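Sequence and predicted model, in that order:
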Amino acid sequence: MKLSLILELTGIKNLDIDEDIDIKNINTIKDASKDEISFLDNQKYLQDLKDTKAKAVFITEDLKQFVPDGTYALQCKNPYLAMAKTTKLFAKNHTRDRGADAILEKGAKVWTDIKNIGYDTKIGQNSIISRGVVIGNDVSIGKNCIIYPNVVIYDGCKIGDECIIHANTVIGSDGFGFAVDGKEYTKIYHNGIVNIKNNVEIGSNTSIDRAVFDETYIGENVRIDNLVHIAHNCYISEGCIITGQCGFAGSSKLGEYVIVGAQSGVAGHLQIAPFSTISARSGVTKTITKSHKQWTGFPIMEHKVWLKIQAKIQKMFNKNLKK
Amino acid sequence: MKLSLILELTGIKNLDIDEDIDIKNINTIKDASKDEISFLDNQKYLQDLKDTKAKAVFITEDLKQFVPDGTYALQCKNPYLAMAKTTKLFAKNHTRDRGADAILEKGAKVWTDIKNIGYDTKIGQNSIISRGVVIGNDVSIGKNCIIYPNVVIYDGCKIGDECIIHANTVIGSDGFGFAVDGKEYTKIYHNGIVNIKNNVEIGSNTSIDRAVFDETYIGENVRIDNLVHIAHNCYISEGCIITGQCGFAGSSKLGEYVIVGAQSGVAGHLQIAPFSTISARSGVTKTITKSHKQWTGFPIMEHKVWLKIQAKIQKMFNKNLKK
Amino acid sequence: MKLSLILELTGIKNLDIDEDIDIKNINTIKDASKDEISFLDNQKYLQDLKDTKAKAVFITEDLKQFVPDGTYALQCKNPYLAMAKTTKLFAKNHTRDRGADAILEKGAKVWTDIKNIGYDTKIGQNSIISRGVVIGNDVSIGKNCIIYPNVVIYDGCKIGDECIIHANTVIGSDGFGFAVDGKEYTKIYHNGIVNIKNNVEIGSNTSIDRAVFDETYIGENVRIDNLVHIAHNCYISEGCIITGQCGFAGSSKLGEYVIVGAQSGVAGHLQIAPFSTISARSGVTKTITKSHKQWTGFPIMEHKVWLKIQAKIQKMFNKNLKK
């Protein structure tokens, strides 16, 4: 994508730069490589800006001074909005209607209408694709998987070996993201994927959203129950157990072997230390750095503290509550 | 529908009225027009009764005196039950199996089996109907929409222009409604629709129920995330942002540009003032009349009050909780 | 299944028993009959062990002494793991691809692709199977049912007469169960079914999991709303009303005519007394034995107690919270 097109779409003018440069993709300021474009809308990431390899960044006037040499500063009022607009230029065509026929490896059984499987997609050995399943283009499914009826897997997603996905679950729907500009919402096109590793089982009616850039990651051996919501760019490490109706906001990151009790929620951009246990119906609102502990409540606290507080409340009110 | 049939079904007898009257529909006491029938089961709506234009109302003996001239009083023990029974008479036949073939406007792409699209339905210009989508009769979908795989849209619903609906979402399932009479539940047939305006994006695995009468309304520019539950007759105004796993009970009404945090719930028949923000995991149990404020907790309170209470609780218990 | 095969799979050796015995099934220690195998992993069920009729039980060394005469003690370190491994031997082949064509009784309307209906399945009189519905093998659906589009019903499940199931709901997905052995998870194959009795209505995008052994039970006249999660082996008695986004962990049991408010959760292996009301957004963490009462909060308490506590908290903080 020519930089000139990006500048035209975002209304950025009068820069003394080579607009003929080819931009390969859009990425975070931290991960962007030298042929990618990025943005900064939060001072928190100032150090990432100083270290960025991005070819160009959307940036406000006041932070322009921190853009390193070799990176173009694309000055604008609302860098997040500029980024959102630019995602559209890099959006995959989710409706591509031609390509190579799906490859079905030896022993793969496709019971859904073969037209429900996209182009340039691969179904691994002995995997079963049940009736009503719809699989997009450029999808890769490993061997010995069972995909139950009416599951939908969007374009580009990857499923490992030995995975089971129960009925009506959705893998790869767009994340919930848009730039707000007064009363206008500009859709952020989610050009990343969902990457599910080996030996994962996922319940029914669960939604796992694709990443903005890069991938939403579900590690090896993870177990996910029914009606779970996993937002864009979450990172669920190996061996995590996620029970029914939990929700994870964007970019939350679980260390390995975390257990999350039913109907809990985790706010965005948090980390949970490995081997943590989150009790049912908890709301995780801050990063958990100590591993091997149990956490409860909303706002969350150590489980043993929560138990003490409950006991105290009980005691405090007990006299008056007796009938 | 002849009034005589309604009276027969509901077991109301010995009225000195013209049973040959044609009743066009059933509606709330406030909205009923002069060829419609209604009911009163709550003294709260007594003023609406006095002002009603309904041709007839199911009503208990004690309130009969307030029925205005020109409206028939259909006296019965359980007006809500009588209404429930009557809804069946006005139920659309959700299984109508004939009618005009769907109209596909210029550029519309229908990738689902064409037989999955009902009679008298219209798909607007350049809209994409993905594989496995099922659309009922009398549905109208605007232009430039993307309906992702395995979405179900029930009979009669309307989708505006530029809408995106993600996989496995359901638009127009019956509301959760029935009249209780001892151990008997009488289904209330939901004869209304869901009306979704322009430029709305809805996530995956979300359910939006149809109205009892009239419509469940999703205003222009609304954004709805995954696994959201919107019950019958909700009114979501322009620009609202509804995040993952929220739930809205019947007839709740959001003013414009309300933001609802993840996993929150809103009780039935409440209003939320425009530009309110509801924090994640809140339970809204009362109408919010002041706009431009943030609300938190369950029961809900102003966010700044909630913060103070949390700080106080922390302080109060802190001594004893130290290990 | 020969006992020798089970012993080989679970690595149990050197027993002086007749390995040629035929084991018909795997079951709980309480319900196992004399041609079934069982396990004990919790001292709580010691009395059940003493009374068991099981032909053999997986058991730890210390409890071996309590195994009654006529039952083989299969000593191992992790009986739950041994049981999990054994479930695989008794797993139905969810992918059986031959059998008798489905029986469609008089007046049944099948609008989904007939190939979407499994072998040895029966659709009752006048029932409607909508487009995109997928039904497994050995399923039985009663008369006058409406199964809305894209519903999935797994193998072996039973639906009574006069039932309505709304779009994209899943009946019979595997329960969330596995044996944990260090970092290894061993899937527990769910060989039970879901048994739904007459006159049940279920909303859209709801998940009801199949039982490990035996059945997940939904009694007559039950009403279930949208996006509800009912885990394996739950028992929902006649007339229960379950509103939107509730969740029930494994083996929870509701007495008749229990009402559960929206977004509530019930922990596993609990009972709720008949005619209880659970307020919205409650978390039931203990068995409720008194019937005809209302319960609120998390942890749950009687509704009137909860109201008092809320009032006290309000009062306590009121002075300082005034602005």
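Done, it's in.

all contacts plus neighbour counts: C-alpha atoms, from now on.
Fine.

Quick one: name the residues of the stretch 51-200 of chain A near chain B.
A:116, A:132, A:134, A:150, A:152, A:168-170, A:173-174, A:176, A:183, A:185 (CA under 8 Å from any CA of the partner chain).

what packs against the lowest-mean-pLDDT helix or strand in chain A?
When each helix and strand of chain A is scored by mean pLDDT, DSSP states H and E, helix A:303-321 comes last, with a mean of 79. Using 3 or more CA pairs under 8 Å, 6 or more residues apart in numbering or on different chains; DSSP states H and E, the elements in contact with helix A:303-321 are strand A:294-296, helix B:303-321, helix C:303-321.

For these, give me JSON lines that also has distance to B:T289 and mean neighbour count.
Below are these laid out as JSON lines (distance: least, CA to CA, whole Å; neighbours: other CA atoms under 10 Å in any protein chain shown):
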{"stretch": "strand A:294-296", "distance to B:T289": "33", "mean neighbour count": "22"}
{"stretch": "helix B:303-321", "distance to B:T289": "15", "mean neighbour count": "14"}
{"stretch": "helix C:303-321", "distance to B:T289": "20", "mean neighbour count": "14"}
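
Go through those and name the closest to B:N25.
helix C:303-321 (39.9 Å; CA to CA).

From the rest of the structure, what touches the closest one?
For helix C:303-321, contacts defined as CA atoms under 8 Å, 6 or more residues apart in numbering or on different chains pick out A:F317, A:L321, B:V305, B:K308, B:I309, C:S279, C:Q294, C:W295, C:T296, C:G297.

now could you export just the CA positions of the least confident helix or strand of chain A as PDB?
This file holds the C-alpha atoms of helix A:303-321, laid out as PDB (Å, rounded to 0.1, in the frame of the first residue of the first chain):
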ATOM      1  CA  HIS A 303      -9.500 -15.200  48.400                       C
ATOM      2  CA  LYS A 304      -8.500 -15.500  52.000                       C
ATOM      3  CA  VAL A 305      -9.000 -11.700  52.500                       C
ATOM      4  CA  TRP A 306     -12.400 -11.900  50.800                       C
ATOM      5  CA  LEU A 307     -13.400 -14.700  53.200                       C
ATOM      6  CA  LYS A 308     -12.400 -12.600  56.200                       C
ATOM      7  CA  ILE A 309     -14.300  -9.600  55.000                       C
ATOM      8  CA  GLN A 310     -17.400 -11.700  54.400                       C
ATOM      9  CA  ALA A 311     -17.200 -13.100  57.900                       C
ATOM     10  CA  LYS A 312     -16.800  -9.600  59.300                       C
ATOM     11  CA  ILE A 313     -19.800  -8.200  57.400                       C
ATOM     12  CA  GLN A 314     -21.800 -11.200  58.600                       C
ATOM     13  CA  LYS A 315     -20.800 -10.500  62.200                       C
ATOM     14  CA  MET A 316     -21.200  -6.800  62.000                       C
ATOM     15  CA  PHE A 317     -24.800  -7.100  60.900                       C
ATOM     16  CA  ASN A 318     -25.700 -10.200  62.700                       C
ATOM     17  CA  LYS A 319     -27.300  -8.700  65.800                       C
ATOM     18  CA  ASN A 320     -29.700  -6.500  63.900                       C
ATOM     19  CA  LEU A 321     -30.500  -9.100  61.300                       C
END
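
ok, back up a step: format the helices and strands packed on helix A:303-321 as TSV; extra columns: distance to A:S204.
What follows is the helices and strands packed on helix A:303-321, written out as TSV (distance: least, CA to CA, whole Å):
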stretch	distance to A:S204
strand A:294-296	26
helix B:303-321	35
helix C:303-321	33
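
Verify the stated contact: A:S173 with B:H166.
Yes: at 6.4 Å, A:S173 and B:H166 qualify as touching, with contact defined as CA atoms under 8 Å.

Overlap in contacts, the two.
In contact with both A:S173 and B:H166: B:G203, B:S204, using CA under 8 Å, 6+ apart.

okay, those two: which has more neighbours?
A:S173 (28 against 24; other CA atoms under 10 Å in any protein chain shown).

OK, contacts around that one?
Counted by CA under 8 Å, 6+ apart, A:S173 has contacts A:Y154, A:S207, A:I208, A:D209, A:R210, B:H166, B:A167, B:G203, B:S204.

Columns pLDDT and distance to C:I26 on top of these, output as JSON lines?
Listed next are the contacts of A:S173 as JSON lines, based on pLDDT from 0 to 100; distance: CA to CA, whole Å:
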{"residue": "A:Y154", "pLDDT": "97", "distance to C:I26": "39"}
{"residue": "A:S207", "pLDDT": "98", "distance to C:I26": "33"}
{"residue": "A:I208", "pLDDT": "98", "distance to C:I26": "34"}
{"residue": "A:D209", "pLDDT": "98", "distance to C:I26": "38"}
{"residue": "A:R210", "pLDDT": "97", "distance to C:I26": "40"}
{"residue": "B:H166", "pLDDT": "98", "distance to C:I26": "41"}
{"residue": "B:A167", "pLDDT": "98", "distance to C:I26": "38"}
{"residue": "B:G203", "pLDDT": "98", "distance to C:I26": "41"}
{"residue": "B:S204", "pLDDT": "98", "distance to C:I26": "38"}
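
returning to that earlier point: what is the most widely separated pair among the residues of the stretch 51-200 of chain A next to chain B?
A:G132 and A:K183 (39.1 Å).

Compare the two and say which is more crowded by neighbours.
Using other CA under 10 Å as the criterion, A:G132 and A:K183 rank with A:G132 on top: 28 against 10.

Apart from its chain neighbours, what residue comes closest to that one?
Among residues not flanking A:G132 along the chain, A:N150 sits closest, at 4.4 Å (CA to CA, 6 or more residues apart in numbering or on different chains).

Next, the one you found: phi, psi?
When read as degrees, to the nearest 10, the backbone of A:N150 gives phi 60, psi 10.

Can you show me the strands along the stretch 1-150 of chain A?
Using DSSP state E, counting those that start in this stretch, the strands found in the stretch 1-150 of chain A span residues A:25-26, A:36-39, A:56-59, A:72-75, A:103-104, A:109-110, A:122-123, A:128-129, A:134-135, A:140-141, A:146-147.

Could you list the residues in contact with the third one?
Under the criterion CA under 8 Å, 6+ apart, residues A:29, A:36-41, A:67, A:71-80, A:82-83 lie in contact with strand A:56-59.

That one pairs with which strands?
Applying DSSP bridges, strand A:56-59 is found paired with strand A:36-39 (parallel), strand A:72-75 (parallel).

Check the offset of it from the chain's centre.
23 Å (CA atoms, centre = their mean, to the nearest Å).

Report how many residues lie close to A:N191.
24.

what about it, which SS state?
Under the three-state scheme (DSSP: H, G, I helix; E, B strand; the rest coil), A:N191 adopts coil.

Now do it against chain B, distance only.
Distance of A:N191 to chain B, computed by CA to the nearest CA, to the nearest Å: 15 Å.

give me every residue that touches A:P149.
Counting by CA under 8 Å, 6+ apart, A:P149 has contacts A:I129, A:S130, A:R131, A:G132, A:V133, A:H166, A:A167, A:N168, C:V134, C:V152.

So which of the strands of the stretch 1-150 of chain A is the most surrounded?
Comparing these by mean neighbour count (mean count of other CA atoms under 10 Å in any protein chain shown), strand A:134-135 comes out on top with a mean of 28.

Report whether that strand contacts chain C.
No: Strand A:134-135 is not in contact with chain C by CA under 8 Å from any CA; minimum separation 11.6 Å.

quick one: that strand to chain centroid distance?
Centre-to-centre, strand A:134-135 and its host chain are 20 Å apart (CA atoms, centre = their mean).

Contacts for it next, please.
Contacts for strand A:134-135 (CA under 8 Å, 6+ apart): A:112, A:116-118, A:150-155, B:131-132, B:149-150.

who in chain A is up against chain C?
With CA under 8 Å from any CA as the criterion, chain A meets chain C at residues A:131-132, A:149-150, A:166-168, A:203-205, A:221, A:225-227, A:239, A:243-245, A:263, A:281, A:317, A:321.

mind running it again at 7 Å?
Proximity of chain A to chain C (CA under 7 Å from any CA of the partner chain) is limited to residues A:R131, A:G132, A:P149, A:N150, A:H166, A:A167, A:N168, A:S204, A:N205, A:D225, A:N226, A:L321.
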